[in-house]
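Visitor: Quick one, structure for this:
(2 chains)
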Amino acid sequence: MNGMRRAAIALMALMLVLTACGDDSGGEVQAADCNVGEIDRTTLNFYNWSDYMDPDLIEAFETEYGVDVVESFYESNEAMLSQLQSGVVYDLVVPSDYMIKIMIDENLLFQLDKDALVNYGNLAEDFRTQPYDPNGDFSVAYQYGTTGLGVNLEAVGEDFVESWALIFDPEITQHFAGGVSVLDDPRETMGAALEYLGYSLNDTDMSHLEEATQLIQDAKAHIATFDSDQYSENLALGEVAVAHGYSGNMIVDIGSADNPENFVYILPEEGATLWIDNMAIPTTSAAPCTAHAFIDFLLDAENGAQLTNWNYYGSPNEAATPFIEQEVVDFYADTADANLEVIEDQGDYEINYTDGLARAKG
Amino acid sequence: MSISAGVRPKSPTERMLAGNAWLVYAFFYAPILVLIVFSFNENNNVGIWTEPSLRWYRDVLANDAVMSAIRVSLIVAAISTVVSTILGTMTALSLERFRYRGRRAFDGLVYLPIIIPDVTMAVMLLLFFAQSFQWLDAALGWRPSFGIATISLSHIAFNISFVAVVVRARLGQLDARLEEAAADLYATRWQAFRRVTFPLIAPGVVGGALLALTLSLDDVVVTSFVAGPGSTTLPVYVFGLVRRGVTPLINAVSTLMLVASMVLIAISLGFQRTSRSRVAIREQELEPN
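Guide: Numbering: from 1, shown residues only, chains lettered A, B, ... in the order given. Below you'll find the predicted structure:
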């Protein structure tokens, strides 16, 4: 996504935080109290990313519970946040990891009633608590993805180290016809460089960031393109040997290539990015219990599998695995063993990642 | 009447200019052509051509979320175009034809929505709605909800300025003496507007309306801030889709939108031509024999 635009939206959202109706901020955490399967309102306003929810699942839920689900869609976490702060009524939202933290801090989310979620045990242990929601009190993981490397085996050979060296070490990349493609995203790309140097992708030490900038600068000769949109296609078309990018696009484009067995998606051993989208209930919700029923419905093993089989993202629902298509299971198989980190919001320091990447690209 | 155009041999400069013009057209239209061609592609991948198919068009028609987004977009576009064209034309007339206190300030303020960034406009409108809804709730116990109404109002808010600017340009070229002549011939203000001014500024009004329609069908930022449950518009939905990578579904939707806007432009051109020929006929009737 356009960095400038995102930054501008984030800034405006921040202004909104400062100016919006200050009377209810600083209040106490609101805890939901629901019975299993309780429907407190027969309309559920569901606010989600585009093309992220199987319509058949919505229909199944509507039939089972006699609820009318009204779906709306957003295209950025920031727009969604501003809407909630202004009192637009949504009952269930699906924010990304860092946004959950912001919303918890702003007191915008209900503390979930875990007793009403009988299927909560289906959630994989790793996904129950995350730095952005340390006790898992406010959010339930919806789907996840990773950022790694797509590798063209014909160009790279069968024998290679699963490392960020595949895009950052000129000794290696100089042998690749077509070069490599690297994401044009400050946090992802600077993060990958930091990981390669042995730091955390959330590292906030300026001297480390300087090293990372230098690393990318030195690798630039063999980086064919900094690109966040077409990398997986370029990989599938054989135009680049290695592509840095998101699992969601990789699985689709590798799958629709002429010779899918010629490509693998790997998570570098130094560590890589994990993102998680989460279901959460805004405090403005008029139907917190219906929302609980919906979350529980998606936590069901077969429903969770149906969701992943539809949108091809990783499922945090461990019990769903037997029902998920083998292709998807294989694709995300090494996630559990990999060394993954969620990108944390670094506030004022964020601009330095942007600056670092801009200087590295020269 | 055009007689001599095209007969005279072209100079090298003219040839170069023509070549340049074609390059510019190619630059504008080649991407659109690629988009249309690939909307008929069977492959999941926008960049890889396999075989022609209508698969993505079937997908669009079967996709309830997309169809609902198209419906919301069309409703909002229709409401905001009609209202902003009327209000924008009135604004242009008042600024160009009348003198009143505060006119100068108003003149400057009209351009504001064109100048300020989308995000700022979006947040201002959102805060405005949130605050006024709160007051309405306190005063009347009635709390309106966000949705098609708030989106339409917001689009009207920025479209008025664009319509006013376009209509005003047309009004500026218009000889004010024509209206004075109408008044001399005992036409009331309304008759003078109806029979003289409006037919002459009609192309400007239509142009302003088309601009308003396009801006409304196009808007992502303002809309995503002031939307409510169940009122996602097409551009917002499509923007969200891109997060998952570009699929030919987007090509198919865009092609449909393109065809729709071309039909609208054709209609408006047709309208302008008939109104122009009507004016021409009237002029002929007025000519002394």
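
Visitor: so what strands line up beside the stretch of helix or strand A:V69 belongs to?
Guide: A:V69 is part of strand A:68-74 when elements are defined by DSSP states H and E. If you go by DSSP bridges, strand A:68-74 pairs up with strand A:43-49 (parallel).

Visitor: For the strand it pairs with, list every residue counted as buried.
Guide: Residues of strand A:43-49 classed as buried under the neighbour-count rule (16 or more other CB atoms under 10 Å in any protein chain shown) are A:44-49. (Glycine included, C-beta is placed from N, CA and C.)

Visitor: so which residue of chain B comes closest to chain A?
Guide: Relative to chain A, the nearest point of chain B is B:G240 (3.0 Å; CB to the nearest CB).

Visitor: Sticking with that residue, tell me its helix or strand.
Guide: Per DSSP H and E: helix B:234-242 holds B:G240.

Visitor: now for that helix, which elements pack on it?
Guide: Helix B:234-242 sits against strand A:68-74, helix B:64-97, helix B:198-218, helix B:221-226, helix B:248-286, with contacts defined as 3 or more CB pairs under 8 Å, 6 or more residues apart in numbering or on different chains; DSSP states H and E.

Visitor: With distance to A:V93 added, can I get the ones you listed in TSV?
Guide: What follows is the helices and strands packed on helix B:234-242, written out as TSV (distance: least, CB to CB, whole Å):
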stretch	distance to A:V93
strand A:68-74	8
helix B:64-97	17
helix B:198-218	26
helix B:221-226	14
helix B:248-286	24
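
Visitor: just to revisit the earlier point, report the mean confidence score over the strand holding A:V69.
Guide: The average pLDDT for strand A:68-74 rounds to 94.

Visitor: Also compute the angle for that strand relative to helix B:64-97, please.
Guide: Following axes from the mean of the first three to the mean of the last three CA atoms, to 10 degrees, one obtains 60 degrees for the angle between strand A:68-74 and helix B:64-97.

Visitor: and the angle for strand A:68-74 with helix B:234-242?
Guide: Using the same axes, to 10 degrees, the direction of strand A:68-74 lies 80 degrees away from that of helix B:234-242.

Visitor: hang on, A:P268 packs against A:F160?
Guide: No. Counting by CB atoms under 8 Å, A:F160 is not a contact partner of A:P268; they are 11.0 Å apart.

Visitor: Chain A contacts on the stretch 101-250 of chain B?
Guide: Within the stretch 101-250 of chain B, the positions adjacent to chain A are B:117, B:119-120, B:122-123, B:126-127, B:129-131, B:133-134, B:145-146, B:220-221, B:224-225, B:227-232, B:236-246 by CB under 8 Å from any CB of the partner chain.

Visitor: rerun at 7 Å
Guide: Applying CB under 7 Å from any CB of the partner chain, we find that the stretch 101-250 of chain B lies next to chain A at B:119-120, B:123, B:126-127, B:130, B:134, B:145-146, B:220, B:224-225, B:227-232, B:236-237, B:239-241, B:243-246.

Visitor: Apart from its chain neighbours, what residue comes closest to the residue in chain A that chain B sits nearest to?
Guide: Scanning chain A for the residue nearest chain B gives A:S50, at 3.0 Å (criterion: CB to the nearest CB). In space, and not counting its chain neighbours, A:S50 is closest to B:G240: 3.0 Å by CB to CB, 6 or more residues apart in numbering or on different chains.

Visitor: The one you found: what's it in contact with?
Guide: Taking CB atoms under 7 Å, 6 or more residues apart in numbering or on different chains as the criterion, B:G240 is in contact with A:49-50, A:73-75.

Visitor: Provide a ChimeraX selection command restricted to the buried entries of those residues.
Guide: Buried members of the contacts of B:G240, defined by 16+ other CB under 10 Å, are picked up in ChimeraX with:
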select /A:49,50,73,74,75
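
Visitor: so, if you compare the contacts of B:G240, which one comes nearest to A:V118?
Guide: Distance to A:V118 across those (CB to CB) is lowest for A:W49, with 26.5 Å.

Visitor: Model confidence for the closest one, exactly?
Guide: Listed pLDDT for A:W49 reads 91.

Visitor: That one pairs with what?
Guide: A:Y74.

Visitor: So for the strand holding A:V69, could I get the coordinates as PDB, restricted to C-alpha?
Guide: Output of strand A:68-74 as PDB, limited to C-alpha atoms (Å, rounded to 0.1, in the frame of the first residue of the first chain):
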ATOM      1  CA  ASP A  68     -29.100 -11.300   9.700                       C
ATOM      2  CA  VAL A  69     -25.400 -10.600   9.100                       C
ATOM      3  CA  VAL A  70     -24.700  -7.200   7.400                       C
ATOM      4  CA  GLU A  71     -21.300  -7.200   5.900                       C
ATOM      5  CA  SER A  72     -19.300  -4.000   5.300                       C
ATOM      6  CA  PHE A  73     -15.700  -3.800   4.100                       C
ATOM      7  CA  TYR A  74     -12.700  -1.600   4.900                       C
END
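
Visitor: what about the next helix or strand after that strand and chain B, touching?
Guide: Downstream of strand A:68-74, the next assigned helix or strand under DSSP H and E is helix A:77-85. Yes. Helix A:77-85 is in contact with chain B by CB under 7 Å from any CB, via A:79, A:82-83.

Visitor: secondary structure class for the spatially most central residue of chain A?
Guide: Geometric centre of chain A, nearest residue: A:W275, 3.0 Å, by CA atoms, centre = their mean. Look at A:W275: counting by DSSP: H, G, I helix; E, B strand; the rest coil, its state is strand.

Visitor: Report the contact partners of it.
Guide: Here A:W275 is in contact with A:96-97, A:144-145, A:342 (criterion: CB under 7 Å, 6+ apart).

Visitor: Try it again at 6 Å.
Guide: A:G145 (CB atoms under 6 Å, 6 or more residues apart in numbering or on different chains).

Visitor: ok, which stretches of the stretch 201-350 of chain A are helices?
Guide: Listed in chain order, the helices of the stretch 201-350 of chain A (DSSP state H, counting those that start in this stretch) span residues A:206-219, A:231-236, A:247-255, A:288-299, A:301-311, A:326-331, A:350-361.

Visitor: Figure out which of the ones you listed is closest to A:V29.
Guide: Closest approach to A:V29 among the helices of the stretch 201-350 of chain A (CB to CB): helix A:288-299, 13.4 Å.

Visitor: re earlier: let's have the buried residues of strand A:43-49 in CSV, adding distance to B:V263.
Guide: As requested, the buried residues of strand A:43-49 are arranged in CSV below (distance: CB to CB, whole Å):
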residue, distance to B:V263
A:L44, 37
A:N45, 34
A:F46, 34
A:Y47, 33
A:N48, 32
A:W49, 32
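
Visitor: neighbours around residue 232, how many?
Guide: Because you didn't say which chain, this covers chain A. Counted with other CB atoms under 10 Å in any protein chain shown, the neighbours of A:S232 add up to 29.

Visitor: nope, chain B please
Guide: Neighbourhood size, B:T232 [other CB under 10 Å]: 28.

Visitor: Pull the contacting residues for the residue nearest to it when sequence neighbours are not counted.
Guide: Closest residue to B:T232 apart from its sequence neighbours, by CB to CB, 6+ apart: A:F73 at 4.4 Å. With CB under 6 Å, 6+ apart as the criterion, the residues that contact A:F73 are A:50, B:232, B:237, B:240.

Visitor: can you give me phi and psi for A:V182?
Guide: As for A:V182, its main-chain torsions (degrees, to the nearest 10) stand at phi -120, psi 140.

Visitor: check contacts around B:L87.
Guide: Contact analysis of B:L87 by CB under 6 Å, 6+ apart lists B:I160.

Visitor: cool, B:V196 as well?
Guide: Shown in contact with B:V196 (CB under 6 Å, 6+ apart): B:178-179, B:182.

Visitor: of the residues of the stretch 101-250 of chain B next to chain A, buried ones?
Guide: B:119-120, B:123, B:126-127, B:130, B:145-146, B:220, B:224-225, B:227-232, B:236-237, B:239-241, B:243-246.

Visitor: Could you look up the SS state of A:G198?
Guide: At A:G198 the chain is in coil, as set by three-state DSSP.
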